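> Sequence plus predicted model, see below.
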Amino acid sequence: MTHKKLIVSDIDGTLLRSDKTISEKTQNKIFDLIHQGHLFAIATGRMHSAGRIITKDLDYDGFLISCNGAVVKHLKTGEVIQAIEIPKPLAREVVRICQKHDAYFHLYESDVIHAEKNMNLAQKYAEGMKKLPETFHFKVAFHPDLMPLVDNITIYKIGLWSENPEVFEAVMSEIKEIEGLETCKSLETSFDVMAKGVSKATGIEAIRSYYGIPIEDVLAFGDNENDMDMIQYAGVGVAMSNATEALKAVANYIAMSNDEDGLLHALEDLIG
């Protein structure tokens, strides 16, 4: 067999097709590779419990990288090999800026989303949960004011969302000036905040070190700005053809699109 590989995939726009499903061929390919002794992990901006929903269709034995790399937790055993929280003074500062601009934002624990407004992602998850089996349910909590909560919970990521470009830019630029934070855009209307140094790449590094896998045997697949670090970090960084131009520019390999089973074809090409 070729060297044991660590295959890491983003979820939306990469592993999932536009209809939010994983093709049966792609599922089978991933399970075949796991059976051959390769390792597979998902890397997502979602919190652990929200990322776990994907394993309804892809119930693999391994780690999930969540909150853009802040948390790395085994799906079956619950073992945590990385958990990097946002320091509380910095979290308070981010909350203050969001509140000042009346922008929607939410706080991520490992298994709870906290929001002030019942809209956007919090609302989507709260409603989506009704359609999921109970084992995949998690808590979405709404509060009139999140500031008092900051000192009492462990925050791994803060997500900001706004369809108003002026508000979005204003909040983003103020947050970017705070020392000690890592920031990235995950969509045109959403912006993620983590502790300094946290990225999907640091999540992969935690798994790679855990299993003693050489960097050249790491394959990472993504499509968006929050995948940039891991695509540059991996031995083979793969951008989907539907990826941003900036991501394609740093990738070693361009796969077909997520709707054309790009992940499957790239794995066949790169691993066999």
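Received, thanks.
> Could you list the low-confidence segments of this structure?
In the prediction, the chain carries residues with pLDDT under 70 at positions 1-2.
> Which residue lies nearest the spatial centre of it?
With distances taken as CA atoms, centre = their mean, the chain has residue 44 as the residue nearest its mean C-alpha position (1.6 Å).
> Not counting sequence-adjacent ones, nearest residue to it?
Distances taken as CB to CB, 6 or more residues apart in numbering put residue 51 closest to residue 44, at 4.4 Å, once the chain neighbours are dropped. C-beta: built from backbone N, CA, C; applies to glycine.
> how about residue 238, secondary structure?
Going by DSSP: H, G, I helix; E, B strand; the rest coil, the secondary structure assigned to residue 238 is strand.
> picking up where we left off before, look at the residue nearest to residue 44 and say how many residues are nearby.
By the criterion of other CB atoms under 10 Å, residue 51 has 21 neighbours.
> ditto for the one 3 residues further on
The number of residues packed near residue 54 is 23, by other CB under 10 Å.
> before we move on, back to that, let me know the distance separating the residue nearest to the centre of the chain from residue 164.
Residue 44 sits 26 Å away from residue 164, going by CB to CB, to the nearest Å.
> same deal with residue 265?
Residue 265 sits at a distance of 39 Å from residue 164 (criterion: CB to CB).
> shouldn't residue 84 be in contact with residue 156?
Yes - with contacts counted by CB atoms under 8 Å, residue 84 reaches residue 156, the gap being 7.1 Å.
> Please enumerate the shared neighbours of those two.
With contacts taken as CB atoms under 8 Å, 6 or more residues apart in numbering, the residues that reach both residue 84 and residue 156 are 70-71, 194.
> mind putting those residues in CSV, secondary structure and neighbour count included?
CSV is the format used below for those (DSSP: H, G, I helix; E, B strand; the rest coil; neighbours: other CB atoms under 10 Å):
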residue, secondary structure, neighbour count
70, coil, 31
71, strand, 29
194, strand, 26
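> and which of those is nearest residue 34?
Proximity of the shared contacts of residue 84 and residue 156 to residue 34 (CB to CB) peaks at residue 71, which lies at 21.8 Å.
> correct me, but the closest one touches residue 78?
No - counting by CB under 8 Å, no contact exists between residue 71 and residue 78, whose distance comes to 11.6 Å.
> residue contacts, the residue nearest to the centre of the chain?
Under the contact definition (CB under 8 Å, 6+ apart), the residues listed for residue 44 are 10-11, 50-51, 54, 64-66, 68.
> Helices - which of those residues land there?
Cross-referencing the contacts of residue 44 against helices under DSSP state H gives 50-51.
> show me where the stretch 151-272 of the chain has helices.
In the stretch 151-272 of the chain, helices defined by DSSP state H, counting those that start in this stretch lie at 165-176, 200-211, 228-233, 245-250, 262-270, listed in chain order.
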